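1. this is a predicted model, with the sequence first.
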Amino acid sequence: FLDCDDDTLLKRYKMTRRNHPLALNRQIPEGIKIERKILNPLKEIANYIVDTTNMKPKDLKSEILKIYSIGEKHT
C-alpha cells in the first residue's frame, strides 16, 4: 500500500495541475480526505505500507524491488 502525508499529496496534485478525481467540485484536500476514508480498510490489511512522503521515484523503485525481491536469483 502506497501512502504519504496530506501536504505532500496536495503538493503533488498542484505540481501536476490536476484536481483530485474524488474532489468533484470541491478542493483537493476534500478529495484526499474522501480517498483516505475509502482506502483505509485496504490499508489496514496491507502486507506492506510504503510511506512515499520523502521518496524520489528511484527510491520508490528500490523499495518495491526490495519488498518483492525482484532481481534476486531463487534456486
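-> Yes, it's here. Numbers count the residues shown, from 1 in each chain.

2. the host helix or strand of residue 41: what's the following helix or strand?
-> According to DSSP states H and E, residue 41 maps onto helix 28-45. Reading on from helix 28-45 to the C-terminus, the next helix or strand found by DSSP H and E is strand 50-51.

3. which elements pack onto the helix or strand just after that next one?
-> Next in sequence after strand 50-51, counting helices and strands by DSSP H and E, comes helix 57-68. The contact analysis (3 or more C-beta pairs under 8 Å, 6 or more residues apart in numbering; DSSP states H and E) places helix 57-68 against strand 50-51. The way it works is simple: take the backbone N, C-alpha and C, and place the C-beta from them, glycine included.

4. touching stretch 49-58 from outside, list them.
-> 1, 2, 3, 4, 5, 8, 43, 60, 63, 64, 67 (C-beta atoms under 8 Å, 6 or more residues apart in numbering).

5. returning to what we had before: for the helix holding residue 41, buried residues please.
-> 28, 31, 32, 33, 34 (16 or more other C-beta atoms under 10 Å).

6. what subset of the contacts of stretch 49-58 is buried?
-> Buried, going by 16+ other C-beta under 10 Å: residue 63, out of the contacts of stretch 49-58.

7. picking up where we left off before, and the helix holding residue 41, what's its mean pLDDT?
-> Taken as a whole, helix 28-45 carries a mean pLDDT of 97.

8. contacts for it, please.
-> With C-beta under 8 Å, 6+ apart, helix 28-45 has contacts from 1, 3, 6, 9-10, 13-14, 19-24, 49.

9. farthest-separated two in those?
-> Farthest apart among the contacts of helix 28-45 by C-beta to C-beta are 24 and 49. That separation is 27.4 Å.
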